[in-house]
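S.K.: pasted the sequence and its predicted model underneath.
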Amino acid sequence: MPEGWQFDAATGELTRVSGGGDIITDQQWDDFELELEWKVGPGGNSGVFYRATEATDVIYMNATEMQILDNAGHRDGKNSLTSTGANYGLYAPTEDASLPVGEWNKVRIVAAGPRVEHWLNGKKIVEYRHGSREWAEKVKASKFKQWPAYGMSMIGHIGLQDHGDVVSFRNIRIRGLNR
């Protein structure tokens, strides 16, 4: 666990309070269902990475991400591709299902083979096929084209992003899926 993160046993909250770095799971996951709750401070930015490897210097060079953001208070909220719930930079959410700053948002990410879904507060807001022609074209047209390892792994770690802002997580649960 990097410094800068605090766990409050009384509330079950894991909070990024100062610099320290991203957190990743020990275990790697291929097909999974991840549920968690998050909240950010004003102007906050974070994310949940999945199928991440340790092959690059930083996690965002290889792992896909579900964006966590204060849509109203952060400039990335103005672009749907980088707003809350997006498959960051590639797939925009179908709607802004996020709750205001300081309220707990409930996430569900389902990855079953190439099919990936992002759910936010009970609404499916993103669905895509990892590795599809459409996905490859989106990667090629994005900033991720400069990192050959980006999105190439179908198995990897789950990561919670330290993006320099206050963010809290709780009720983190993951289970493997049998296809």
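M.R.: Now that the structure is in, tell me what you want to look at.

S.K.: how close does Thr15 sit to Val126?
M.R.: Plainly put, Thr15 is 26 Å away from Val126 if you go by Cβ to Cβ, to the nearest Å. Just so you know, the C-beta spots here come from the backbone N, C-alpha and C atoms, and that holds for glycine as well.

S.K.: oh sorry, the question was meant for Thr82
M.R.: Thr82 sits 13 Å away from Val126, going by Cβ to Cβ.

S.K.: now do Asp57
M.R.: Taken as Cβ to Cβ, the span from Asp57 to Val126 is 27 Å.

S.K.: compare neighbour counts for the two and give me the winner.
M.R.: Each of Asp57 and Val126 has its neighbours counted (other Cβ atoms under 10 Å); Val126 has more, 20 against 9.

S.K.: for the more buried one, give the beta-bridge partners.
M.R.: For Val126, the beta-bridge partners under DSSP bridges are His118.

S.K.: residues touching it, list them.
M.R.: Val126 sits next to 66, 85-87, 91-94, 116-118 when contact means Cβ atoms under 8 Å, 6 or more residues apart in numbering.

S.K.: ranking by neighbours, what's the top pick from those?
M.R.: Neighbour max across the contacts of Val126 (other Cβ under 10 Å) = Gly85, 29 neighbours.

S.K.: surely that one and Asn71 touch.
M.R.: No. Counting by Cβ atoms under 8 Å, Asn71 is not a contact partner of Gly85; they are 9.2 Å apart.

S.K.: ok so, going back, so which of the contacts of Val126 sit within helices?
M.R.: Of the contacts of Val126, none are assigned to helices by DSSP state H.

S.K.: nearest residue to the middle of this protein?
M.R.: Central residue of the chain (Cα atoms, centre = their mean): Val48, 2.2 Å from the mean position.

S.K.: doesn't it belong to a strand?
M.R.: Yes. Residue state for Val48 (DSSP: H, G, I helix; E, B strand; the rest coil) corresponds to a strand.

S.K.: begin at 26 from now on, thanks
M.R.: Sure thing, new numbering starts at 26, so read that last one as Val73.

S.K.: partner residues bridging it?
M.R.: Going by DSSP bridges, Val73 forms beta bridges with Met91, Leu185.

S.K.: tabulate the contacts of Val151 in JSON lines, adding columns for pLDDT and distance to Trp30.
M.R.: Output for the contacts of Val151, formatted as JSON lines (pLDDT from 0 to 100; distance: Cβ to Cβ, whole Å):
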{"residue": "Met91", "pLDDT": "98", "distance to Trp30": "19"}
{"residue": "Gly110", "pLDDT": "98", "distance to Trp30": "23"}
{"residue": "Ala111", "pLDDT": "98", "distance to Trp30": "24"}
{"residue": "Asn112", "pLDDT": "98", "distance to Trp30": "25"}
{"residue": "Tyr116", "pLDDT": "98", "distance to Trp30": "28"}
{"residue": "Ala117", "pLDDT": "98", "distance to Trp30": "29"}
{"residue": "Pro118", "pLDDT": "98", "distance to Trp30": "27"}
{"residue": "Thr119", "pLDDT": "98", "distance to Trp30": "32"}
{"residue": "Val141", "pLDDT": "98", "distance to Trp30": "26"}
{"residue": "Glu142", "pLDDT": "98", "distance to Trp30": "27"}
{"residue": "His143", "pLDDT": "98", "distance to Trp30": "24"}
